[in-house]
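# no FASTA, just this:
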């Protein structure tokens with residue numbers, strides 16, 4: 001699982017429940033969700049919350065009407081974010097500020113400005129001294145989207161099952177895990193309501209809030225139904241996943257569950273070879289990579305598998321596994337992510353047979369699997385992708401040796417406005433986006449924006465920036 005964050009102090013995102021996880025009951029008299037305009041009202045009993053209804057049969061995930069094609073994004077409102085009282089963390093060491101992760105790689109392709117807010121602006125760097133947007137960015141950085149919260153709940157349940165299987169014990173029941181996960185989501189929804197949201201703004205690293213509620217004021221009926229269907233379907237498919245039988249057949253020493261927390265490894269600059277760009281070639285520190293698979297185990301190839309993979313039958317290879325709870329991604333992205341996991345396993349001192357690792361995508365949403373052979377070429381391609389992203393990021397820094405960024409305006413806005421619909425930092429870019437769109441004639445429908453638009457928005461929204469203050473000495 002990709003950490004979903006690039007900071008050393010965050011790692012894998014944990015949903016913090018505002019009370020005991022697993023409890024489905026809510027305080028008496030708690031109101032239900034207000035229906036969205038044009039949607040079916042959501043009716044709940046006074047003693048239960050929308051995401052915590054009693055256990056009931058749910059249609060298999062592939063057939064569920066709740067999982068039809070994604071709905072168009074609803075209009076967002078600009079949330080009222082306190083301008084003061086949010087304490088900023090200290091700047092990160094350069095090796096963490098420049099760290100690579102699979103999620104940051106995608107973010108860098110879609111929107112440089114989001115990377116700026118997540119890594120630098122939320123720590124007060126690249127902004128005028130005392131700019132209130134720094135505190136706002138730090139708070140927005142900790143919002144959790146409902147699909148992400150569901151994914152975290154499923155990954156936590158999968159870890160519980162794997163730990164039990166590895167120990168030869170009975171895994172928790174489906175009903176118990178579903179009840180616990182619904183309780184966690186229930187508390188997250190409750191913590192996002194207006195009477196408790198102030199706690200999130202005052203201590204965003206401690207309390208949690210749903211992005212959909214903060215930006216839109218409510219969850220829509222189809223979002224709630226989809227969350228229920230995905231959660232129930234993934235937990236059901238987890239128990240029948242073939243990988244569990246493979247793990248049961250392994251010795252305990254052949255099964256490795258990475259620690260449940262921030263996990264990273266480091267690559268030496270010289271490992272990128274002569275193909276590294278000039279900025280990366282001048283970089284002397286090891287590069288930090290935030291990545292770890294959900295499971296590693298030694299897999300013995302069966303005859304059919306070996307023939308399909310073009311590998312000798314009966315050989316034993318280290319296999320990296322990644323659970324997926326969302327829609328299927330493209331093969332190139334899956335191969336890259338699994339190849340980075342193979343680099344992590346290699347860096348952890350676990351070489352594989354014939355210098356080949358196996359990658360296994362277990363898609364719990366539709367109970368499907370996809371296999372990849374991760375040889376030296378695939379791992380070299382992963383190193384190249386990491387090097388290319390790092391070279392680009394170094395070009396956006398005013399003082400690369402101290403990871404001090406150029407001003408906010410130098411970080412390009414999203415290429416597609418549709419990206420903003422799922423971005424935590426959309427409220428901070430509203431004015432710049434409006435200026436950019438009016439300058440190039442682009443609306444909010446997600447149409448592509450010409451490359452010249454970024455220069456236009458910089459010219460129309462920013463004045464000449466003073467030189468950045470001298471960064472602290474190393």
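Good, I have the coordinates. Keep in mind the model is a prediction, meaning the values are calculated, not measured.
# quick check, distance from the biggest strand by length in the chain to the centre of its chain.
For the chain, the longest strand by residue count, based on DSSP state E, is strand 316-324. Averaging C-alpha positions (C-alpha atoms, centre = their mean, to the nearest Å) puts strand 316-324 19 Å from its chain's average.
# and it, what other elements does it pack with?
helix 146-166, strand 295-300, helix 331-347, strand 357-363 (3 or more C-beta pairs under 8 Å, 6 or more residues apart in numbering; DSSP states H and E). Just so you know, the C-beta spots here come from the backbone N, C-alpha and C atoms, and that holds for glycine as well.
# would you list these in CSV and tack on mean pLDDT?
Output for those, formatted as CSV (pLDDT from 0 to 100):
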stretch, mean pLDDT
helix 146-166, 96
strand 295-300, 94
helix 331-347, 95
strand 357-363, 96
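# Rebuild these as JSON lines, extending it with mean neighbour count.
JSON lines is the format used below for the helices and strands packed on strand 316-324 (neighbours: other C-beta atoms under 10 Å):
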{"stretch": "helix 146-166", "mean neighbour count": "21"}
{"stretch": "strand 295-300", "mean neighbour count": "22"}
{"stretch": "helix 331-347", "mean neighbour count": "20"}
{"stretch": "strand 357-363", "mean neighbour count": "23"}
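# Distance to residue 416 for the ones you listed - can I get that in TSV?
Shown next, in TSV, are the helices and strands packed on strand 316-324 (distance: least, C-beta to C-beta, whole Å):
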stretch	distance to residue 416
helix 146-166	19
strand 295-300	34
helix 331-347	17
strand 357-363	26
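# For residue 392, find the nearest of these.
helix 331-347 (15.8 Å; C-beta to C-beta).
# Nearest to residue 137, out of the helices and strands packed on strand 316-324?
helix 146-166 (18.3 Å).
# so which of the helices and strands packed on strand 316-324 gets nearest residue 406?
helix 331-347 (27.3 Å).
# for the stretch 51-200 of the chain, what spans make up the strands?
Per DSSP state E, counting those that start in this stretch, the stretch 51-200 of the chain carries strands over the ranges 100-101.
# any low-confidence regions in it?
51-78, 83-84 (pLDDT under 70).
# swap the cut-off to 50 and go again
51-69 (pLDDT under 50).
# can you pull out the helices in the stretch 201-350 of the chain?
211-216, 221-239, 242-248, 278-281, 303-309, 331-347 (DSSP state H, counting those that start in this stretch).
# per-stretch mean pLDDT over the ones you listed, give me the minimum one.
Between these, the lowest average pLDDT goes to helix 303-309, which shows a mean of 80.
# Distance from that one to the middle of the chain?
Taking C-alpha atoms, centre = their mean, one finds helix 303-309 lying 33 Å from the centre of the chain it belongs to.
# May I see the buried residues of that helix?
With burial defined by 16 or more other C-beta atoms under 10 Å, the residues of helix 303-309 counted as buried are residue 309.
# Quick one: closest of the helices and strands packed on strand 316-324 to residue 131.
Across the helices and strands packed on strand 316-324, closest to residue 131 is helix 146-166 (C-beta to C-beta), at 27.7 Å.
# how about residue 312, what does it touch?
Contacts for residue 312 (C-beta atoms under 8 Å, 6 or more residues apart in numbering) come out as 301, 306, 354.
# Got the phi and psi for it?
Here is the backbone geometry of residue 312 (degrees, to the nearest 10): phi -60, psi 140.
# so how far is residue 99 from it?
Distance, residue 312 to residue 99, using C-beta to C-beta, to the nearest Å: 37 Å.
# can you check residue 178 too?
Look at residue 178 and residue 99: by C-beta to C-beta, they are 35 Å apart.
# now for the helices of the stretch 201-350 of the chain, which one comes closest to residue 149?
Closest among the helices of the stretch 201-350 of the chain, once you apply C-beta to C-beta, is helix 221-239, at 8.1 Å.
# quick check: angle from the closest one to helix 146-166?
10 degrees (axes from the mean of the first three to the mean of the last three C-alpha atoms, to 10 degrees).
# What helices and strands are in contact with helix 221-239?
Checking 3+ C-beta pairs under 8 Å, 6+ apart, helix 221-239 ends up next to helix 146-166, helix 174-191.
# the more surrounded of residue 178 and residue 99?
residue 99 (26 against 21; other C-beta atoms under 10 Å).
# So that one sits against residue 285, correct?
No. Using C-beta atoms under 8 Å as the test, residue 99 is too far from residue 285 to be in contact (11.0 Å).
# my guess is residue 352 meets residue 320, correct?
No. Counting by C-beta under 8 Å, residue 352 stays clear of residue 320, with 9.9 Å between them.
# Any buried residues in stretch 362-380, and which?
Buried-residue list, stretch 362-380, by 16+ other C-beta under 10 Å: 362-367, 370, 372-375, 378-380.
# now the residues you listed in a markdown table, with distance to residue 221 and secondary structure?
A markdown table is the format used below for the buried residues of stretch 362-380 (distance: C-beta to C-beta, whole Å; DSSP: H, G, I helix; E, B strand; the rest coil):
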| residue | distance to residue 221 | secondary structure |
| --- | --- | --- |
| 362 | 30 | strand |
| 363 | 26 | strand |
| 364 | 24 | coil |
| 365 | 20 | coil |
| 366 | 23 | coil |
| 367 | 26 | coil |
| 370 | 32 | strand |
| 372 | 38 | strand |
| 373 | 44 | strand |
| 374 | 42 | strand |
| 375 | 47 | coil |
| 378 | 43 | helix |
| 379 | 45 | helix |
| 380 | 48 | helix |
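# In JSON lines: these, plus distance to residue 103.
Below are the buried residues of stretch 362-380 laid out as JSON lines (distance: C-beta to C-beta, whole Å):
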{"residue": "362", "distance to residue 103": "19"}
{"residue": "363", "distance to residue 103": "18"}
{"residue": "364", "distance to residue 103": "19"}
{"residue": "365", "distance to residue 103": "19"}
{"residue": "366", "distance to residue 103": "22"}
{"residue": "367", "distance to residue 103": "25"}
{"residue": "370", "distance to residue 103": "20"}
{"residue": "372", "distance to residue 103": "20"}
{"residue": "373", "distance to residue 103": "25"}
{"residue": "374", "distance to residue 103": "20"}
{"residue": "375", "distance to residue 103": "25"}
{"residue": "378", "distance to residue 103": "20"}
{"residue": "379", "distance to residue 103": "20"}
{"residue": "380", "distance to residue 103": "22"}
